Structures are given as structure tokens and as C-alpha cells.
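> Show me how the following folds:
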Amino acid sequence: MVQIISHDDITELRSAANILDIIGKHITLKPAGVGRYKGLCPFHDEKTPSFTISPHMNSWHCFGCGEHGDIYAFFMKLNSMNFPEAVEYVASLSGFQLHYKTIKNENSQNSQGAASGSISRQKSISRQKLYEINQKAAECFKKALYSSAGEKARKILYERKFNDADIKNFSLGYAPQNSLTKYLQDHGFTNNELIDSGISTQHNSTLIDRWQNRLIWPIFDLTDQVVGFGGRILDDNLKTAKYLNTKETKLYKKSQILYGINFARKSIAKHKQAIVVEGYTDVMAMHIAGFHNTVGTCGTAFGNSHAKLLRRIMADWGTGIGQNFPNANIGEVIFIFDGDQAGQKAAQKSFAEDQTFSAQTSVAIVPEGLDPCDLRIKGGDEAIQQLVNSAIPLFEYVIKSSIKDIKLDRPERRLTALKIAAPIIARIKDTGLRVQYTELAANWLRLKYEIVLSEINNELKKGEKNILSSKEDFNLTISDLTLAAILQAPKEVPEKFYKMLNSAFYSSSAKQEIYNLIVQAGGLDQAKKMGEKVFSQNILDLAEKNNSPNKKYLSSLINKPLLYDEKGRFDLYIQDIFRQFFLKSLNYYLSEYRAELKAITPSLLNKTQNNSKKEKLLKEIFRLEKIRKSLQKK
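Numbering: from 1, shown residues only. Okay, here's the model as predicted:
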């Protein structure tokens, strides 16, 4: 026998559930026209929002990846749920009471089928049952904390400067010695369900509690439902794991969960800033000190899934992305790491993640080997404020920390430090940022800019197969570089050179199309206002919309590093690109016009038409020669 959800309930819930509110807890949405809302799609990486909800139709559609459906389909895709699990999940979020029918196994598929709601409770525990178990466990833990057995756990919290109001706000609890399993069994949960939930473990054919004599933190998802727990031992001298988290379940996946995200979500969305720490008490300390946008990882390093979650909440779309989102701005993430060596290694590891995370990322290191909770105990809320204010860009921190043990009092040591720092700077994908950190490194190391630049370019050449390595290569790719410069470094492109451009300067249809896309997107002026990241993304979106055959070429123009030799600054290098490009083009046209002029023989000059043509050619040659001479002056 199996139970299936009532078909009428499925239909009624689909209409009754507020699709905008429910999905809006997972994605930050903004109005996008009459009756429509947009946000970043959770199903593929994007910088410009293409995920659209139409509440009046109870549906959603992503114009980027093509995924679409109703509210059930959203959670089936987002959380890898089957259909019945998605229905139960939406019901729990909506406060909707579902009704079940019991039928024979052989009829279950024919009755509702996999797509309409059949559910067998004999095969595996449902998400709804997991939520119920976790909620009951959380209630049990909360009661136990204020029992006589929980006195030591309460004392630890009080010593960490947390009061009863703080304990209540974060729903903290205490796990007594092996009593939770019995409590949950008495409330009707089966042994298999308790094992599957991770609440209980099997020991010598007997079920025992996973957490015993531990301080407990419930871990919530974005919808304020308990998905797991973290437990800390009360005696640090015990030879066991200091922290013990829920095992991986359908609800709890540590690579996708951030502790405190339910408390911090609104603040992160409002201020477009998130603070990431490493411990449960650190999250609490930051919130109590006034930083309600703080979250923490759960026993794992901050990864891409965490970054995507924060981006969705911050709506990290960049700036100036279109009429629907004129006030969108870039989100900021501040990592706070402990002052010990492990914390510093965590900062180093985050460097790689930042390359795929479009938010502006900074790092603050807690001084004296403390953690944020210790810092608050020692210095109060003011010390936490000073810590956040001390954050420096992640790139700067990684570079400086890599060379912090090298004394820079001798030329040999400064060059050794450069050998260490150069590969790090070369890994910065953003061309503009890489140039700035090249200049900063020269100041930090007290070396000539040309020396630092040469070393970084050498590192870039090691990692790139088709980069500029000689003057001959430069000339061969000069027209590509003019387009790449507009896309990658628009602020360095002189206005006078851009105004001289037109599609006729480009010989291939691919280059002409990219130039026309740049014009269509608003040209150099818009590129400077938006910034290269957002402007380039707009160009990519236009190419996608137009089904352009040159998308790969466009991508290479955006991502291929702009290298320059040691003789000049980056701005002068960009100017030289355009200068050489126009000189090359002018030489071509001058050659063509002179050949055409030579073809007009004296015998033909008596004809008015040829006289007029000669005059036009002479004027054009004179004009172009004047431009060429001005370009040759540096």
C-alpha cells in the first residue's frame, strides 16, 4: 500500500501558493514591467537577470537557459526533489493541509503517475517528514537547555557574553545524554526515519542519539525551516570532535548551506553586502554587534554554491544594466577569518573562488589569533566595528600575505618577493584590476614599475598560448585589440580615437558586427558609465539575442589578456593600439587613393567628371595625410 496526495489538493495548492513570495525567499526579485518580476536564475550562471516570474499565471521562465514551469517545477529543479516532495514542500511553506489517499502499489502509477503526485513512504523518507523530525528535535533541544542538565551549556553561553534573549533569538538548545531518540519515537517517528534524518545512529542494534551532552545550534534554510543541527562539546578536554553537524540529507548539504542565512537574508538584500565568518558563535556575535548581514559556513570552506546563493539574494547584477534595473549596484562580500594560520589559509583558498564571484570581495583578519566572538568579549561591539572597517580587498591581502615573511631591505629579497607575487597578480582575470595591482606591487616592493610589469607579463605568457609576445604579433592583431580595448578597458580609450572609428575600418564581417554591437549598446560613453564587466555582458546578451555566429570571437575579445611591454603605462599602451590601427588603415586608404589618382591620365582631365573626381581625391589625400602626421606625433 502507498499513499498519494489528493489531486484536488495539488490543483488547489498550485493556485493558492504565492509564487512571488515563496520563490522570492530564494531569489531577490525586482519589478520588470507590468505584472512581471526578474532576478538572477538559480539554474545557470549569469550576470544579467533573465529569470522571470509572472504571478498572474503562477509560472516562471528563464530566457537565458530556457527552464520554465510552475511552483512545483521550480523546487523540483532547485532542490532535486521528486514531484510529491515538491508539493509537500510548497504546502509546508504555504501552511496548506494536504490530504492523502491510500491505494495499492500496482495502481499508484496509473492513479497519479510520477508527474502528478504518487508518493511511497515505504521507499525513502520524504522531505516533509525530515522537516517534521527536525522541528520536533529543535523543540526538544530548546526545552533541555533550560533544564538542570543544561546548566553547563547555559554557563558556556553566558561566559561568551550571550544573554537569554540572544539564546531565544537563535533558538539554541542542549542535547542531553541519549534522550532525543526516545522522545521522537514516542511522537510516532519510526527507527528508519530517525536514521535517515541523521538524528539517530545505530549502535549494536540499538538506536542512540547522534548528539549527546552538546550545545546545539539549529540550522535554518531561507524559509525559516530547520534543515539540520550543529553541536559543540561542553568539555574541550574530551577526545572527540569539537563540533558535530548533521550528516548529509535531502535537506542538509553543507556545500549549499550558510548558517544564519534566514536571519541575514533581508539585510543582505537591502544593503547588498554580506559578511562571511567561520563559526556559529561568530555569527551570533556579529549579529548582536549590529551586523545582521552575517552568515557562516557549516564545517566546510566557502564555495561556488555559497557564492551563487549570496548573489541571488544580493541581486549582484552589476551597474546600469538596463531600464528595468537602473539602480542595481554591485554587491560586496567581506570574509572575516580567524587570526590563526588556518584562517589565513582560508583567505588564500577564497582567492580562487573570487575569480568566479562577481561581488567585490574583501578580507578582514581578526587580530591576536582571536575569532569574532572572542574579539567582542574582549573589546565589545566597537571592536567588531573596527574589524569590519579594517577589511582590505582580497587580492591585496593574498599578495601581501604571500610575501609577509620576506624582509624587503635588500634588492635580492625584493626580487624574491616579486617572484612570489607575480604569479598571483597574473591570475587576476580582470585586466584593469591586474594593471592596478601591478602598480601597487611596484610601490609595495619598492621596485621599478617596468621590472614588475615584465615579471607579470612573463607569468601571463606561461599561462596563455596565443598572447602577444612580439611586435610582429601586435601588428597582426591590431584591429582585434581596438575592439578588445573598448570591451576590457573603456576608461583608457581616448574619446577622439573612438569618434574616428566606423565599421568601414574593419575588413571582416565578424569585426564589423562586434563594432556595430558596441554602437548598439551605447558606445564608449555607456561603456565608461557602466564599467567594462556590465557593458561586456550587455554585448554578449545582444549577441545571444541576435543569434550571432561570432559569439566565440566576441568572448575571446572580452577575456583575452591585454599585454603591453615595459616601456609605458597601460593608458599609453591603449592609445598606441589605436594610433597604430589608424596609421595602418590610413596607409591603406592613402595607397588606394593615390593609385586611383594615378589612373586619371592627362588625356582625361578635360572631362568635368574626372576633374571633379581628382579634386575630391586630392582633398581626401590631404585630409588623411594631416591626420596621419598628427598620429605620428607622440
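> can we go C-alpha only for contacts and neighbour counts from here?
Fine.
> In terms of helices and strands, where is P218?
strand 214-220 (DSSP states H and E).
> Just list what that strand packs against, helices and strands only.
Packing partners of strand 214-220 (3 or more CA pairs under 8 Å, 6 or more residues apart in numbering; DSSP states H and E): strand 173-175, strand 226-233.
> next one: that strand to chain centre, how far?
Relative to its chain's centre, strand 214-220 lies at 27 Å (CA atoms, centre = their mean, to the nearest Å).
> again with stretch 537-547
21 Å.
> Next: stretch 286-299.
The answer for stretch 286-299 is 19 Å, by CA atoms, centre = their mean.
> buried set for that stretch?
286-287, 289, 291-298 (16 or more other CA atoms under 10 Å).
> what's near enough to touch the closest residue to S200 other than its chain neighbours?
Nearest non-adjacent residue to S200, counting by CA to CA, 6 or more residues apart in numbering: D209, 4.6 Å away. With contact taken as CA atoms under 8 Å, 6 or more residues apart in numbering, D209 is in contact with 177-181, 199-201.
> Which ones among those residues lie within helices?
180-181 (DSSP state H).
> And the buried ones among the contacts of D209, selectable in ChimeraX?
Restricted to buried positions by 16+ other CA under 10 Å, the ChimeraX selection for the contacts of D209 reads:
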select :178,180,181,199,200,201
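> Now distance to L487 too, for the contacts of D209, in CSV please.
Putting these into CSV (distance: CA to CA, whole Å) gives the following:
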residue, distance to L487
Q177, 63
N178, 63
S179, 63
L180, 60
T181, 61
I199, 54
S200, 56
T201, 57
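> need the helix or strand of the chain with the lowest average pLDDT.
When the helices and strands of the chain are scored by mean pLDDT, DSSP states H and E, helix 471-476 comes last with a mean of 32.
> between the host helix or strand of D282 and strand 226-233, how big is the angle?
D282 is located in helix 280-288, with elements delineated by DSSP H and E. Counting by axes from the mean of the first three to the mean of the last three CA atoms, to 10 degrees, helix 280-288 lies at 110 degrees to strand 226-233.
> And the helix or strand following helix 280-288, what does it pack against?
Sequence order places strand 294-297 as the next helix or strand after helix 280-288, per DSSP H and E. When contacts are defined as 3+ CA pairs under 8 Å, 6+ apart, strand 294-297 packs onto strand 258-259, helix 261-271, strand 273-277, helix 280-288.
> Contacts for the last one, please.
With contact meaning CA under 8 Å, 6+ apart, helix 280-288 is reached by 166, 170, 217, 259-260, 277, 292-296, 371-373, 376, 384.
> for the longest one, same thing?
With CA under 8 Å, 6+ apart as the contact definition, helix 261-271 has outside contacts at 28, 220-224, 273-274, 292-295, 313-315.
> nearest to I4, of these?
Proximity of these to I4 (CA to CA) peaks at T223, which lies at 25.2 Å.
> residues in contact with that closest one?
T223 makes contact with 25, 93, 262 under the criterion CA under 8 Å, 6+ apart.
> if we go to 10 Å?
Residues in contact with T223 (CA atoms under 10 Å, 6 or more residues apart in numbering) are 22-23, 25-26, 92-93, 261-262, 265.
> Drop anything exposed from these.
22-23, 25-26, 92, 261-262, 265.
> Throw these into CSV and include distance to T249 and pLDDT, thanks.
Formatted as CSV, the buried ones among the contacts of T223 follow (distance: CA to CA, whole Å; pLDDT from 0 to 100):
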residue, distance to T249, pLDDT
I22, 22, 90
I23, 22, 91
K25, 21, 86
H26, 19, 87
S92, 18, 84
I261, 19, 95
N262, 19, 94
R265, 23, 91
